[in-house]
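Trainee: whatever this is, show me its structure:
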Amino acid sequence: MQLSLAAVLAAASMASQAHEVAADATAQIRRTSFGTPHILAENERGLGYGIGYAYAQDNLCLLANEVLTVNGERSRYFGAAGKTADERENLPSDVFFTWFNNRAAVEGFLQAQSPEMRDRLEGYASGYNRALAERRSQGLPAECGAGDWVRPIDSLDLVKLTRRLLAEGGLGQFAEAVVAAAPPELAAAAPRVDYSQVLARQEQFAQTRGSNAVAVGAERSASGRALLLANPHFPWVGGMRFYQMQLTIPGKLNVMGAALPGLPVVNIGFNQHLAWTHTVDTSKHFTLYRLELDPKDPTRYLLDGESLALEKYPVSITVKGDDGALQQVERPLYLSRFGPVVQWPGRLDWDRQAAFSLRDANLDNTRVLEQWYQVNRADSVQALKASVGKLQGIPWVNTLAVDESGAALYLNQSVVPYVDQALLAQCSNPQASGPMVVLDGSRSACQWKVDPQAAQPGIFPPSLLPSLERRDYVQHANDSAWQVNPAAPLTGFSPLVSRADEPLRMRTRFALNRLQGSAKLGVAELQQMVFDDEVYLARVLRQDLLQWCQGVEADLKALCASLQAWDGKAGLEAGIGLVHFENIAAVLAEHPETWRVAFDPADPQHTPRGLAVEQAAVRKVLREAALASLAQVKEAGLADDMRWGQVQQGMNGVPVAGGPQELGVYNAMLSVPVAPGKRLVVSGTSYLQVVSFTEHGPKAEGLLAFSLSSEAGSSHAADQTKAFAAGKLAPIPFTEAQIKADPQYRQVVISERDKPVVARH
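Mentor: You can find the predicted model right below:
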């Protein structure tokens, strides 16, 4: 007979009334198919305890590794030359995080949390530590290596992980530039930095952390009730790898979805009344400030005519040498009132006239955890909108949601510096129209505006940010807010928030193409948007490309034959024509003059389009691109008869469909060459969820594309990946009846007071 949670709690209370806190930290962890944990607890600390324990059962070494990163301790164990999960060298990473997660900032963040959230964080750490002790006694997973760097954690470690998430949309992309900044006379002694990594990290941010979302309201739904497609594209490895779980406190909370490592909340998911998701936005979450330096001293800057000293912040890092000996490496960082000085030769130079500081709005966002705490409990799109409007804790993503009433909602209400068009005109330089906004740091008048209606000084209030509620649909695929629904264009916002009249991404055009018209939409149509793996750019270019092929010389006949045979998709059976099309499209993207019809703001869904193959210059570009593609395919070890599923695979060798987002593949995947004829998926479709509302509540189907566990030895390291390869979503148990009826149902009851695990099957 199963032991009820109430009985466990009653027994714990009778046994030890003296240790009330420990007795309270009790949780049931019920697992269903694919190992998905459904965590039930009586209170917040118990819920956190269950989350931390379950997560460490599946991803102990992953979290331990990320804790090491955000504490700036990688060089101590792995040496300065090693790399983090996101390919940043250990030493600059350690210097950056030692400063960024300094004790004052971390403790201040923790103190800003509600008592409920502090309880949940403490429980999470305690649950993780219990699982660590159990797993260490059994032998740590291979991913932990020698394990000397794996240690117990506390609430402050979890805060550091959360703060790293906040910085992902801004300052975190400039870590190398922060660490390398040095005054001119010391530039020669500054650490060498590969600045191409800074540029690559900025360019790939939306690519590796992009997303698709469709929220269908009652008017367009085949059932007359709302439904939601959540298709975030997030990394398959490291600190941004999602984890699926259900969190329940009877009478208070019941939410299912996916969370990022170390976060004790559901980031994307659904509850009894509401389903929501996020997409990376195009808003600016930081600005640069050009500092006018004191002519007498390049470590001083002028503000309203007053000479101020840059703060020199010393950082000391323990580094393991090649001989195993530990030594201290000292690196100073430089800070102005606006933030750290960043240096990027040729772009953001620190010379004797000027330097550049970066101010990130999310560094003051202590509300992020409470924001998702409130979203998890919201019972309508109006309640969600109200909580976001009050807290403004969403860091750098849009929010799309539907509820049981049939409403569909889009919000671009993340944390954005309050820099409107007037302030830009007064304070920016020509770079303001590019990817980085640079303001005049010599005048106080150029500081971010302050509005009493905003949750934080210096950010836009909710009333000046995009919001759209519909009964037909809203969609988003990492463009601006402009074309969320073409029937109601969102315009008139600061360029830092959203820009109109700019070309749409091919994924957005694909989605609008699928959603246009009056045909009713159901679960099958939303699933098909992902699983048919259409390459939308092929629809736009392929006819002209095949026309060009009719006149090519013999050396390109085989390539053209592969394009002709290709089905225009990025499915597992796609031929080598997909790779040639990808290579050619990458070259064409650098030559906008090859379009037959240029972009027209009056017709953004259908322009630009076509290849002007009638022009000799365009045919020349195509020939050079095709020859280069033949050489690339040969160098990559790809045979002419290979199928895409043989080439693109997950960590466990399972074939993975999908392709580059630049091609308009909704099932976007980023893969990198790892061996002849092989590409490894590092980011893309992650937590895939389709939720529909019925008269009995939510009905959900979904998959965690890379599976629940990051440990190769786990039985849940590849099971969902195989299901994803089969192109079919699985039912997501949500109600008690569904959970207990699952054929793989099992449960454990854990308590801080009782060391043994009580297993029930």
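Trainee: C-alpha only now, for contacts and for neighbours.
Mentor: Will do.
Trainee: shaky segments in this structure?
Mentor: Confidence mapping of the chain against pLDDT under 70 gives the ranges 1-23, 187-209, 429-434, 755-761.
Trainee: which helix runs longest in it?
Mentor: helix 44-70 (DSSP state H).
Trainee: what does the next helix or strand after it contact?
Mentor: Using DSSP states H and E, the next helix or strand after helix 44-70 towards the C-terminus is helix 74-78. Identification of contacts with helix 74-78 by Cα atoms under 8 Å, 6 or more residues apart in numbering yields 68, 80-82, 90-91, 94, 149, 317-320, 326.
Trainee: if we use 10 Å, what do you get?
Mentor: Outside helix 74-78, the residues within contact range by Cα atoms under 10 Å, 6 or more residues apart in numbering are 65-69, 80-84, 89-95, 148-149, 317-322, 324-328.
Trainee: in stretch 136-147, what counts as buried?
Mentor: 140-141, 143-144 (16 or more other Cα atoms under 10 Å).
Trainee: may I see the buried residues of the longest helix of the chain?
Mentor: Here helix 44-70 shows 44-70 as buried, counting by 16+ other Cα under 10 Å.
Trainee: just give the nearest non-adjacent residue to Ser33, would you?
Mentor: Leaving out its chain neighbours, the residue that sits closest to Ser33 by Cα to Cα, 6 or more residues apart in numbering is Gln744, at 5.1 Å.
Trainee: if I look at the one you found, how far off is Glu701?
Mentor: 17 Å (Cα to Cα, to the nearest Å).
Trainee: looking at these two, which has the bigger crowd around it?
Mentor: Ranked by neighbour count (other Cα atoms under 10 Å), Gln744 and Glu701 place Glu701 first, with 18 against 15.
Trainee: contacts only, for the more buried one.
Mentor: Glu701 neighbours (Cα under 10 Å, 6+ apart): 229, 523, 527, 688-692, 728-733.
Trainee: what helix or strand is it on?
Mentor: strand 697-704.
Trainee: packing partners for the helix or strand that that strand is followed by?
Mentor: Next along the chain after strand 697-704, taking DSSP H and E as the criterion, comes helix 719-725. Counting contacts by 3 or more Cα pairs under 10 Å, 6 or more residues apart in numbering; DSSP states H and E, helix 719-725 packs against strand 697-704, strand 730-731.
Trainee: point out the most buried one among these.
Mentor: Comparing those on average neighbours per residue, with mean count of other Cα atoms under 10 Å, the densest one is strand 697-704 at a mean of 21.
Trainee: residues in contact with Val647?
Mentor: Taking Cα under 10 Å, 6+ apart, one finds 572, 576, 637-638, 653, 655-657, 671, 673, 675-680 in contact with Val647.
Trainee: recalculate using a threshold of 6 Å.
Mentor: By Cα atoms under 6 Å, 6 or more residues apart in numbering, the residues touching Val647 are 677-679.
Trainee: can I get the residues you listed in CSV including distance to Val159?
Mentor: CSV is the format used below for the contacts of Val647 (distance: Cα to Cα, whole Å):
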residue, distance to Val159
Gly677, 42
Lys678, 38
Arg679, 35
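Trainee: any idea which of these has the most stuff around it?
Mentor: Neighbour max across those (other Cα under 10 Å) = Arg679, 22 neighbours.
Trainee: phi, psi for that one please.
Mentor: phi -130, psi 130 (degrees, to the nearest 10).
Trainee: so how many other residues sit close to the residue nearest to it when sequence neighbours are not counted?
Mentor: Of all residues not flanking Arg679 in the chain, Pro673 sits nearest, at 4.3 Å (Cα to Cα, 6+ apart). Neighbour count of Pro673, defined by other Cα under 10 Å: 13.
Trainee: can you check the one 3 residues further on too?
Mentor: By the other Cα under 10 Å criterion, the neighbourhood of Pro676 contains 14 residues.
Trainee: hmm, it is touching Leu638, no?
Mentor: No: judged on Cα atoms under 6 Å, Pro676 makes no contact with Leu638 at a distance of 7.1 Å.
Trainee: got the buried residues for stretch 536-550?
Mentor: Buried, per 16+ other Cα under 10 Å, within stretch 536-550: 536-538, 540-542, 544-545, 548-549.
Trainee: quick one, strands of the stretch 251-400 of the chain?
Mentor: 253-259, 268-271, 274-280, 286-294, 297-303, 306-309, 311-320, 326-336, 339-342, 354-360, 397-403 (DSSP state E, counting those that start in this stretch).
Trainee: can you tell me the helix or strand for Gln632?
Mentor: Taking DSSP H and E as the criterion, Gln632 maps to helix 616-635.
Trainee: ok, the nearest residue in space to Thr399 that is not next to it in sequence - contacts?
Mentor: In this structure, Thr399 finds its nearest non-sequential neighbour in His278, 4.6 Å apart by Cα to Cα, 6+ apart. Contact analysis of His278 by Cα under 6 Å, 6+ apart lists 397-399.
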